[in-house]
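Visitor: my questions concern the predicted model and sequence given below.
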Amino acid sequence: MKIRCHHPALLAAAALAACATGPRDWREVQRERLERAHHDVSLDEALRLAILNAPAGSTAAPVRTPPPVVPPPQEPRRHIDQQEPPRPGTGPRSFRSPLQPLQVTADYGIGRAGANVHGARYDDRTDAQFVRVAVDAGNGAALHADLVSTDGDLFADVRHNDGVDPAWADAGLFELDVFPHHRFDTGYGAVRVGAFVDWLRLDHEPSQVTRDWLGIGPRLAWQPELRLLGDGDRALDLYLRAAGDVGATWFREHYRGGADGDLTWRWGGEIGAGLRLGLGRAHAELGARFRQSNVQDLDGELFGAHSRSSFGSEQIYFGFGLRY
């Protein structure tokens, strides 16, 4: 079958139009493709375009993409000279712990002290002076030192052998007692546990005879307290004190023409009571104290053999202390 074109002019015009528009449409398509390839599209925009260009009748539900996680802004790293010190209570802990409070008390007392040697003429008492220094740290470590001193009136009007001839036995007594220990603060008062070193001397000055006792051993002390008035740093307290010890004793005597010694054991104790008035960091004390030590089975060349020797003292004292 042959198709005849009755209008050759129309056919020519259509051919010219196709030749004129074909290349132009192709360039536009390429331009659009290039624009889409080099155009930054967000995730939300790409999802919207995909849904719009989806085939007709598609049942795929749109998928919502969670928003991107944006990291928090970071502060610029500062130089070490610009860094601030750490807040209190943070950072590495110090190797040294804070200093604990320290309490120092000094007592001065007056009273009497004496000695009694069983089976001998040494039995007398005389006026004495007393000094005590007590140092107590907040961590429980403590040190107490007691000093006793009398005049030379002990055994006055008594004569004894000085190693060569009879002589007057007048003597002075000197005693130093040191008690390093640890303090345990309990609900029933302070308990002190430690060791004592006690040195006691009888100096018979007119006859140039000296006798020394050096004792060492464990000691236990208990000091309960009762609040009478006040509260906090301003208060009035009543306290009691009881202590006991036991240990070894070295005896040594020097006399004209010789010296001698012996080793034995001793036991002793102390009781006392007092009032303490606290005024802030300071406190004042007023009290009484009784002490006695007993030495057993002593035998000396000049001193002789005695089953017991005792040394005792009683005092009234006033003390003052500070807490640092």
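Guide: Arrived safely, thanks for sending.
Visitor: just the strands from the stretch 201-324 of the chain, written as ranges.
Guide: For the stretch 201-324 of the chain, applying DSSP state E, counting those that start in this stretch gives strands covering 209-223, 225-231, 234-255, 258-279, 282-300, 304-323.
Visitor: out of those strands, which is closest to Asn139?
Guide: For these, distance to Asn139 was read as CB to CB. The smallest value, 14.1 Å, belongs to strand 304-323. Every residue, glycine included, has its C-beta placed from N, CA and C.
Visitor: got the angle for the closest one vs strand 234-255?
Guide: 150 degrees (axes from the mean of the first three to the mean of the last three CA atoms, to 10 degrees).
Visitor: that older thread, as CSV, the strands of the stretch 201-324 of the chain with mean pLDDT, mean neighbour count and distance to Phe196 would be great.
Guide: As requested, the strands of the stretch 201-324 of the chain are exported to CSV (pLDDT from 0 to 100; neighbours: other CB atoms under 10 Å; distance: least, CB to CB, whole Å):
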stretch, mean pLDDT, mean neighbour count, distance to Phe196
strand 209-223, 97, 18, 4
strand 225-231, 92, 11, 23
strand 234-255, 96, 17, 5
strand 258-279, 95, 16, 8
strand 282-300, 95, 17, 10
strand 304-323, 94, 17, 14
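Visitor: out of those strands, which gets nearest to Arg48?
Guide: strand 225-231 (78.5 Å).
Visitor: what's in contact with that closest one?
Guide: Contacts with strand 225-231, where a contact means CB atoms under 8 Å, 6 or more residues apart in numbering, come from Gly189, Ala190, Ala235, Leu236, Asp237, Leu238, Tyr239, Leu240, Leu275, Arg276, Gly278.
Visitor: partner strands of it, with direction?
Guide: In the sheet, strand 225-231 lines up against strand 234-255 (antiparallel) (DSSP bridges).
Visitor: ok, back up a step: so which of the strands of the stretch 201-324 of the chain gets nearest Pro72?
Guide: Across these, closest to Pro72 is strand 304-323 (CB to CB), at 51.7 Å.
Visitor: before we move on, the earlier item: from the contacts of strand 225-231, pick the one nearest Ala137.
Guide: Of those, the one sitting nearest to Ala137 (CB to CB) turns out to be Ala190, at 12.9 Å.
Visitor: what's the closest non-adjacent residue to the closest one?
Guide: Leaving aside its sequence neighbours, Ala190 sits nearest to Gln223 (CB to CB, 6 or more residues apart in numbering; 4.7 Å).
Visitor: where's the residue minimising distance to the centre of the chain, which helix or strand?
Guide: With distances taken as CA atoms, centre = their mean, Asn139 lies nearest the centre of the chain, 4.5 Å away. Using DSSP states H and E, Asn139 falls within no helix or strand.
Visitor: same thing with the one 10 residues further on?
Guide: Ser149 belongs to strand 141-150 when elements are defined using DSSP H and E.
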